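give me a 3D structure for the following:
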Amino acid sequence: MRLPIRALSRSVDTDHPAPSATGDCPTPGEVLTEIGLLLMIHLAVAFAVTVTLRMLGIA
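Here you go, the predicted model:
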C-alpha cells in the first residue's frame with residue numbers, strides 16, 4: 001500500500017509566529033527577580049525554622 005505524497009508532507013502555518021517572536025519570553029531581569037524572590041522566601045523560612053528549633057532547645 002502506497003501512501004499519498006500529501007500525507008508525508010507537513011503544511012506550515014504562517015499565521016502564527018514563533019513564541020520568541022511574539023514577545024512571550026520573560027526578560028532576564030524578570031527571571032532574576034523571580035529567582036531572587038524565591039531565594040529570599042526560602043531563606044526566610046529556613047531562618048524561622050532554625051530560630052524556632054533553637055528556642056525550643058531542639059537544635
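
contacts, neighbours, all on C-alpha from now
Noted.

helices along the protein, start to end?
Secondary structure of the chain by DSSP state H: the helices cover 5-8, 19-22, 28-55.

using TSV, lay out those helices together with mean pLDDT and mean neighbour count.
Below are the helices of the chain laid out as TSV (pLDDT from 0 to 100; neighbours: other C-alpha atoms under 10 Å):
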stretch	mean pLDDT	mean neighbour count
helix 5-8	60	8
helix 19-22	59	9
helix 28-55	97	11
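
ok, residue 51 to residue 44 distance?
11 Å (C-alpha to C-alpha, to the nearest Å).

oh sorry, the question was meant for residue 23
33 Å.

before we move on, what about residue 50?
On the measure of C-alpha to C-alpha, residue 50 and residue 44 end up 10 Å apart.

repeat for residue 38
Distance, residue 38 to residue 44, using C-alpha to C-alpha: 10 Å.

then residue 58?
Residue 58 sits 19 Å away from residue 44, going by C-alpha to C-alpha.

one more: residue 30?
Residue 30 is 21 Å from residue 44, by C-alpha to C-alpha.
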